[in-house]
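> Okay, structure incoming, though there's no sequence with it:
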């Protein structure tokens, strides 16, 4: 079981996989596959790891695209703090709010998290990236998310969106 502070974001727990789309000024539109894993070891936060790969027109993996890891820290009054790191030279602090939209018995069946960057740190060699907004939602049992980004001289613009399904393994 997980600790009480995690309850508002417990709907994220588990392994999710699916397909998304990406676009941004100056790059060609693309499709990607993604796997996301949220875990909890009993302490009042979630661990997070995401990896994505470019897909060809037939849905085959072409090459790795991105990975990010971090921690999701629930806060009082449905707040959430998220710390993410990327191997491309970025670390981000996100602040957001959790809204539960539907509950069936003791289970959250509809929810969303809206968050914005509070801070973006980057190494000297990383491309310019100044901020973002993310929206995560539990919709019809799937994890939907979108990411708007301000980078390389562009204002906040949609960059990524995906629909991920829960991955059930033997024994679950």
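Done, it's in. Remember, it's a predicted structure, so these values are computed and weren't measured experimentally.

> Is residue 11 in a helix, a strand, or coil?
Counting by DSSP: H, G, I helix; E, B strand; the rest coil, the backbone at residue 11 sits in helix.

> wait, what's in contact with it?
Residues near residue 11 by C-beta atoms under 8 Å, 6 or more residues apart in numbering: 108-109, 111, 138. Heads up, the C-betas are built off the backbone N, CA and C, glycines and all.

> same thing but 7 Å
108, 111, 138 (C-beta atoms under 7 Å, 6 or more residues apart in numbering).

> Quick check: buried residues in stretch 2-15?
For stretch 2-15, a neighbour-count test (16 or more other C-beta atoms under 10 Å) marks 2, 6, 8-15 as buried.

> What is the most widely separated pair among these?
8 and 15 (20.2 Å; C-beta to C-beta).

> which residues does the residue lying closest to residue 117 once chain neighbours are set aside form a beta bridge with?
Once flanking residues are discounted, residue 117 sits nearest to residue 131: 4.5 Å by C-beta to C-beta, 6 or more residues apart in numbering. Note on residue 131: beta-bridge partners by DSSP bridges are residue 150.

> which residues does residue 131 contact?
So residue 131 contacts 117, 120, 150, 156 (C-beta under 7 Å, 6+ apart).

> can I assume the last one is in contact with residue 134?
To tie it back to what came earlier, the one meant is residue 156. No. Using C-beta atoms under 7 Å, residue 156 is not in contact with residue 134, being 11.5 Å away.

> Who has more neighbours out of these two?
Shown here are residue 156 and residue 134; by other C-beta atoms under 10 Å, residue 134 has more neighbours (20 against 14).

> what's the average pLDDT for the one helix or strand the more buried one maps to?
Using DSSP states H and E, residue 134 sits in strand 129-139. For strand 129-139, the mean pLDDT works out to 97.

> do the same with stretch 53-63
96.

> what's the distance between it and the middle of its chain?
Centroid separation for stretch 53-63 versus its chain: 20 Å, with C-alpha atoms, centre = their mean, to the nearest Å.
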